[in-house]
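Asker: I'd like to go over a predicted model; first the sequence, then the structure.
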Amino acid sequence: MTETASQRRTGIVLVVAAAVAWSTAPFFTKLLPLDSWTILFWRGLFGGGLIAAVLVLTQGRADLKDLLRMGKGGWLVASLSTLGMVCFIPALQLTSVSNVAIIIATGPFVAAAFAWIWLREAARWQTMVASLVALCGVAIIVGNTSASSDLLGIALACLMTTAIAAMTVTIRTYKHTPMVAAAALSNFLGSVVSIPFAHAITGVTGNNLFVLAMFGFFQVALGLTLFILGSRRLPSGQATLIGTLETPLMPFWVWLAFAEVPAPRVLIGGALVMGAVVADIIGDISAQRRMAGGSNHPET
């Protein structure tokens, strides 16, 4: 197996793990009787703190300087990630979950378009077909919710999707930039931005602080770090496609923890999303093996 194929397989594992971590957001949110901006503040603080601590433990205190000298690539990733974070909450407040979820599901197409314009990185047609199937699956999952056509909420959801797609392509572009430090910075920036809108920052109880810490550590810090490390190794459209696994996994954790049985449409839509992602991963691995096998045969 070539090194490129090995890197792509590692990237797939990392991005799948990131989607699993991200999908726990509803589980943690259900445990917290707080407004969204207060959650965003503490989640970002704990998430950024954990990433900074990991940097110190694994690479020494000198690597904390990466937070200040990341270069334009690192600052661009941090800014785009922060923009995506702060758009998500008000988007959900201003329009329906249905609208937001459908717009997010267009992420693979947006990322593929940016990658082609910026890097001339052509997306595999199989990935584009899988992305379309995943989009249909998301539409089925959220299709029975009450729809709202609030333009501001839709605009914010579009801005968030564009920001995350641009972040994915930026990570591919600046592969040698300390992106883990950028992940920490994006969390801290998200906390700063949320301060004017949060209502209960100082009124959080000890139990809620523990849940917020787990929220920040697992869902944000681990998820964002794994996605950044994994998306360096994958085409942008494929990385974003695998990230859509987050949608069908969300109701799974809620069912597991709170015994809320998913509706049949959620199961059907989730099966489509997961099937599309698995099919694309298998197809990509098979293609890499064929390429590796072909390169091992000498010309006659």
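Answerer: Great, that's in hand.
Asker: and Ser194, backbone torsions?
Answerer: Per-residue torsions, Ser194: phi -80, psi -20 (degrees, to the nearest 10).
Asker: ok, Gly275 - contacts?
Answerer: Val133 (CB atoms under 8 Å, 6 or more residues apart in numbering). All C-beta atoms are positioned from the backbone trio N, CA, C, and that covers glycine.
Asker: Give the helix, strand or coil label for it.
Answerer: Recorded secondary structure, Gly275: helix (DSSP: H, G, I helix; E, B strand; the rest coil).
Asker: Could I get the pLDDT score of it?
Answerer: pLDDT for Gly275: 84.
Asker: Setting aside sequence neighbours, what's the nearest residue to Leu185?
Answerer: Leaving aside its chain neighbours, Leu185 sits nearest to Ala78 (4.2 Å; criterion: CB to CB, 6 or more residues apart in numbering).
Asker: dump the residue contacts of the one you found.
Answerer: Applying CB under 8 Å, 6+ apart, the residues near Ala78 are Met70, Ala182, Ala183, Leu185, Ser186, Leu189.
Asker: try Ala166
Answerer: Counted by CB under 8 Å, 6+ apart, Ala166 has contacts Leu80, Phe114.
Asker: try Gln219
Answerer: With CB under 8 Å, 6+ apart, Gln219 has these contacts: Ala21, Trp22, Thr24, Ala25, Phe28, Arg43, Gly47.
Asker: returning to what we had before: out of the contacts of Ala78, grab the one that's most surrounded.
Answerer: Ala182 (30 neighbours; other CB atoms under 10 Å).
Asker: Could you pull out the strands in the stretch 201-300 of the chain for me?
Answerer: Read by DSSP state E, counting those that start in this stretch, the stretch 201-300 of the chain holds no strands at all.
Asker: So, low pLDDT: which residues of it?
Answerer: For the stretch 201-300 of the chain, the stretches with pLDDT under 70 are 292-300.
Asker: let's go with 90 and repeat that
Answerer: Applying pLDDT under 90 to the stretch 201-300 of the chain flags the ranges 201-206, 219-221, 224-225, 228-300.
Asker: could the contacts of Ala78 go into TSV alongside pLDDT and distance to Val138?
Answerer: TSV is the format used below for these (pLDDT from 0 to 100; distance: CB to CB, whole Å):
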residue	pLDDT	distance to Val138
Met70	72	33
Ala182	84	28
Ala183	85	25
Leu185	87	30
Ser186	89	25
Leu189	92	28
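Asker: Which members of those residues are positioned in helices?
Answerer: Mapping the contacts of Ala78 onto helices (DSSP state H) picks out Ala182, Ala183, Leu185, Ser186, Leu189.
Asker: out of those residues, which one sits closest to Phe217?
Answerer: Ala183 (12.7 Å; CB to CB).
Asker: Distance of the spatially most central residue of the chain relative to Trp42?
Answerer: Closest to where the C-alpha atoms of the chain average out (CA atoms, centre = their mean) is Gly243, at 5.7 Å. Computed as CB to CB, to the nearest Å, the Gly243 to Trp42 distance reads 24 Å.
Asker: For Cys136, grab the count of nearby residues.
Answerer: With other CB under 10 Å as criterion, Cys136 counts 16.
Asker: just Ile282 next, same as before
Answerer: Neighbour count of Ile282, defined by other CB under 10 Å: 11.
Asker: Which residue lies closest in space to Ile242, excluding its sequence neighbours?
Answerer: Ile242's closest residue in space is Val15 (CB to CB, 6+ apart), at 4.5 Å.
Asker: Tell me which residues of stretch 187-207 come out buried.
Answerer: Asn187, Phe188, Leu189, Gly190, Ser191, Val193, Ser194, Ala198, Ile201, Val204 (16 or more other CB atoms under 10 Å).
Asker: List the contacts of the closest residue to Leu226 other than its chain neighbours.
Answerer: Setting aside the residues directly before and after it, Leu226 is nearest to Ala18 in space (CB to CB, 6+ apart), at 3.8 Å. Ala18 makes contact with Leu222, Gly223, Leu224, Thr225, Leu226, Phe227, Gly230, Gly243 under the criterion CB under 8 Å, 6+ apart.
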